[in-house]
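Novice: Structure for this input, please:
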Amino acid sequence: MWLKHRELFLQEMIRLEGRCNRLAAQSCLECNCPSPEYRCRDCLGSEIYCSPCILLAHVCHPLHRLELGHTTGQICLNPRRAFNDDFVVVDTHGIHKLLQISWFPSTTSDPKTTATFRILEHYHLLSFESKVSAFEFYNALSRMSDNTGLLPIKDRYDSFTRMIREWCHLKMLKHSGRGHDPSGVDGTVEGECTVLCPACPHPGKNLPAGWKDAPRQWLYGLFLTIDANFRLKCKAVSSDSVDPSLSCGWGYFVEDKAYKDFLHSGADSIQEKSTCSSHNAVNMADTKSNRGLATTGLGTVDCARHNMKLPNAVGDLQKGERYINMDYLFFSALRHTVLDTLNVSYDITCQWHKKLWHHMSAFPISMHLSHAVKTISFFMPKFHLPAHIEQCQTSFSFNFKNGVGRTDGEAPEHTLDDYFGDSNWKKVVGLGHAMLHKIKNAFPERENHREAFEDLDDGLQGEYGPTLKQWREQVEAWEYDPTQPNPFERKAETVTMASVQLELAREDEINLQTGTCLALHEDCTPSILISTGLELEEQQRRMKANRAGLGVHATDNQEGKMVQQSNTLQRRIDTWMKMQELYMPSLAALRVSESSVSGSMTAAPEAIKLWLPSQISRNAPCNSRLQAIKWKLRYAQGHDALRSLRSNLRAQTAILKYKDRNLRGQGANTRARNTLKAVEARIEAAASTYEYAHKALVVLSPRVNQTGWHSSLRPLDRADVRSMTDLLWGETEGTRKLSWIWNMWGAAANEIDKDNASEGRWLFILWLPIQTHGQPDMRIEWCKARARAMRWAEEVELLKEEMRRILQFLEWDAQRWDERGLENTLEDAGEDEREGRMAYANRQASLH
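Specialist: Next comes the predicted model:
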């Protein structure tokens, strides 16, 4: 019923911007003084008084706000702020029950409840800044009326929520100029009631003449980012028939009926599984629980460079992040642009974009995109990039593609129509400071990275002079055609303990065939001896950790298991030591000497010194073959430990993020904490194993003449054991540096946690025996340095273009409001309405 009278409400709100129906009053209401000029915004009614009368009437009301109301067309007598006008008083009132003052009726049929515009505006702004609920606000007002709780207060909560909803809807229509349009509210088209991003390209609003023929088309590209938010759930407690939408896709949300009809028509579509990393957003889209929920979250399409919501680019998700939902939002958002260059960012774009154009065939013709004649590039946000396989990290990275500057492709996962509008407006207001900050940062960064690349390029001329031209041609070919070989990729074998053991077994096989085998026992070759020794060393560390975690009050069952493990380890060590003395006879004397120093006390199995080659003094005799084998295995052990360390750090980060985003309640958090403890124990074990391996390599490398391994296996400090998201003291997101453990070739693919893609040096893990792979390493580093210099140069150009677009857009918007306020465009309105429209249009124009 209210919708029938919506136009009347909107016109009344705009009429109040003028002097209302007091144009006929040529004299002060109190003293009949001619030409009254003052009105109080806070008094009931809109009467106009002369200066002495208005002051006299407000002796006891110092907080009321007075307006100077000269006649239409007359030059303002005081067009500037009053002197010392910086005194602020915070004030509010309780619930007014003066039903005869009809500011905003709760219903148009026999209203029994009203709310003042002041209280509605107060809650409207408070909800933006504090996110206070209507229930909390209403109860606070009730207590301001009577804080004792003894007097009955009539419950008007339902009426209040209805009035708030209607008020927010009317404010949206008013701000978008629908009250000034001759077609009225019913003439509103989809997406019209939104706050547009002034920095984004809008043909006809802020693009220069001839922009379509400009050589640098990337300056006029639109950056989009797609994301979902699963915090914004809605319970299934109502229906569209009981609680219909007041707008028909006029704001940021898609038109509800068409959206749901399309989803219903594709309800049987099957979500394709991910061929990249195991993305829950893809693989679990059809299995996400929605019991008791009408909406499990929201999907959005945002401006990627300025994080502003786009018209008709938000929609409910009924069962996870399904392609059919996100496709609809994507094509819906693009109906409002005719730009030919699109840069689309999505955290699962490697899977989503594959069949996008095939999916488009099922959409209405009005939502089809002429992708064949457009330049459309797909990216992944920098924060999500490391969770993908290596191929995706280079193919969809903002760091390596031309024409994107320093865009990160991220968007905040928050907030609904009303909140989106407020969020967009606050960002528009803050664009001046934001752009200034960005340009001040971009200029020195551009110069620093340009000089760094030129220094690198000059330094390589001597050694790689003929090759540099080939590298440049290769990277330019890939930038032009992504199907060409990717210069940022490199194939490399990964060192593992299993691979080294296989290599040593093959060497033993060759020695047996050629008769050069030096094995002193038919069941134990030198490589098996050293491999088994490393396994025993690892079991000793685990035994120490298990015994330390046993606690003071261990049960008999726990003690029994510990004794069994200890006995088993003791028997394995005794057997191994007998074999060891065959290859290292001098150890018998060392063990006798050690036992005489320590006394007759028998050491626990985990405390027995194994006397591996790296633990023996350089002066003591030790077979060089054993030392070479030990070096190879320790080298592989170090890389295995690093992989385990990265994998568990990644798992720790994933668990913490999942716990923060999804878990509620003591039980769920306790289980997650227990899981974290187990992961933390693995992290400690991996770090300890690496430290042992590194110390052994330091001792053995000069004996076996091995060099060059320090670049990939560095000393591990406790500060180095951190995930890619952790910051050291004093670091910020823009200045932080990754721990060296993540700057290793092999830290990518399925090992890196969810964080920004590393742009630093990825070192190549060398195969045994160590070889030099300098050219592929240097090519990739050269390509990355070139990409960094180009991205910062593009960022400066993009920022300059965006700053120009902002100014032109604001001028266009001001001119639009000026045209809305012209008298000849308001001839259909009454005199009071015309003045209100002119006053509001002039005020809006002055904001720009």
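
Novice: what about residue 677, which SS state?
Specialist: helix (DSSP: H, G, I helix; E, B strand; the rest coil).

Novice: Over to residue 39?
Specialist: Relying on three-state DSSP, one would call residue 39 strand.

Novice: now do residue 376
Specialist: strand.

Novice: Relative to residue 815, how far out is it?
Specialist: Computed as CB to CB, to the nearest Å, the residue 376 to residue 815 distance reads 33 Å. Any C-beta I mention is one placed from the backbone N, CA and C, and that applies to glycine too.

Novice: Compare those two (neighbour count), which wins?
Specialist: Per other CB atoms under 10 Å, whichever of residue 376 and residue 815 has more neighbours is residue 376, with 18 against 12.

Novice: now residue 150, what's its secondary structure?
Specialist: Three-state call for residue 150 (three-state DSSP): coil.

Novice: what's the neighbour count on it?
Specialist: Using other CB under 10 Å, residue 150 has 6 neighbouring residues.

Novice: Was I right to think residue 15 contacts residue 834?
Specialist: No: shown here, residue 15 and residue 834 do not form a contact pair, counting by CB atoms under 8 Å, at 9.1 Å.

Novice: Let me know the pLDDT of the closest residue to residue 802 other than its chain neighbours.
Specialist: Counting by CB to CB, 6 or more residues apart in numbering, the nearest residue to residue 802 once its immediate chain neighbours are dropped is residue 199, at 4.2 Å. Looking at residue 199, its pLDDT stands at 93.

Novice: Where does residue 199 sit: helix, strand or coil?
Specialist: Following three-state DSSP, the label given to residue 199 is coil.

Novice: begin at 321 from here
Specialist: Understood, numbering begins at 321; the last thing we discussed is residue 519.

Novice: For it, give me its contacts.
Specialist: 623, 625-626, 751, 755, 1122-1123, 1125-1126, 1129 (CB atoms under 8 Å, 6 or more residues apart in numbering).

Novice: Swap in 7 Å and give it another go.
Specialist: Residues counted as contacts of residue 519 (CB atoms under 7 Å, 6 or more residues apart in numbering) are 626, 751, 1122, 1125-1126.

Novice: so residue 1123 sits right up against residue 756, yeah?
Specialist: No: here residue 1123 lies out of contact with residue 756, judged by CB atoms under 7 Å, at a distance of 8.7 Å.

Novice: neighbour-wise, which of these two wins?
Specialist: A side-by-side neighbour count of residue 1123 and residue 756, using other CB under 10 Å, places residue 1123 first with 18 against 12.

Novice: check contacts around the more buried one.
Specialist: Contacts of residue 1123 (CB under 7 Å, 6+ apart): residue 755.

Novice: and it, what pLDDT?
Specialist: The model's pLDDT for residue 1123 equals 95.

Novice: which residue sits closest to residue 452, ignoring its sequence neighbours?
Specialist: With sequence-adjacent residues excluded and distances taken as CB to CB, 6+ apart, residue 452 is closest to residue 446, at 5.5 Å.

Novice: Excluding chain neighbours, give the residue nearest to the residue nearest the centre of the chain in space.
Specialist: By CA atoms, centre = their mean, the mean C-alpha position of the chain lies nearest to residue 730, the distance being 4.7 Å. Setting aside the residues directly before and after it, residue 730 is nearest to residue 701 in space (CB to CB, 6+ apart), at 4.6 Å.

Novice: Count the neighbours of that neighbour for me.
Specialist: The burial count for residue 701: 23, using other CB under 10 Å.

Novice: Next one: it, what pLDDT does it get?
Specialist: 84.

Novice: ok, now which ones touch it?
Specialist: 545, 665, 667, 728-730.

Novice: try 6 Å this time
Specialist: Going by CB atoms under 6 Å, 6 or more residues apart in numbering, residue 701 touches 665, 667, 729-730.

Novice: Residue 646: which of the residues you listed is nearest?
Specialist: Within the contacts of residue 701, the smallest distance to residue 646 is 10.9 Å, found for residue 667 (CB to CB).

Novice: Relative to residue 743, how far out is that closest one?
Specialist: Counting by CB to CB, the gap from residue 667 to residue 743 is 21 Å.

Novice: Okay, buried residues for stretch 1125-1134 please.
Specialist: Applying a neighbour-count criterion of 16 or more other CB atoms under 10 Å, one finds 1125-1126, 1128-1130, 1133 buried in stretch 1125-1134.

Novice: For the stretch 921-1070 of the chain, which segments count as helices?
Specialist: With helices called from DSSP state H, counting those that start in this stretch, the stretch 921-1070 of the chain shows them at 944-982, 986-1020.

Novice: how about the strands in this structure?
Specialist: Residue ranges of the strands in the chain, as given by DSSP state E, are 358-360, 386-388, 542-549, 554-555, 613-615, 617-623, 629-637, 661-666, 695-699.

Novice: Do I have it right that residue 886 meets residue 925?
Specialist: Yes: Residue 886 lies in contact with residue 925 (CB atoms under 6 Å); the separation is 5.4 Å.

Novice: ok, those two, which is more surrounded?
Specialist: Per other CB under 10 Å, whichever of residue 886 and residue 925 has more neighbours is residue 925, with 20 against 16.

Novice: OK, contacts around that one?
Specialist: By CB under 6 Å, 6+ apart, the contact set of residue 925 is 886, 889-890, 893.

Novice: what does residue 766 give?
Specialist: 1112-1113, 1116.

Novice: Neighbour count, pLDDT and distance to residue 707 for those - can I get that in JSON lines?
Specialist: Formatted as JSON lines, the contacts of residue 766 follow (neighbours: other CB atoms under 10 Å; pLDDT from 0 to 100; distance: CB to CB, whole Å):
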{"residue": "1112", "neighbour count": "22", "pLDDT": "92", "distance to residue 707": "26"}
{"residue": "1113", "neighbour count": "17", "pLDDT": "93", "distance to residue 707": "29"}
{"residue": "1116", "neighbour count": "18", "pLDDT": "94", "distance to residue 707": "30"}
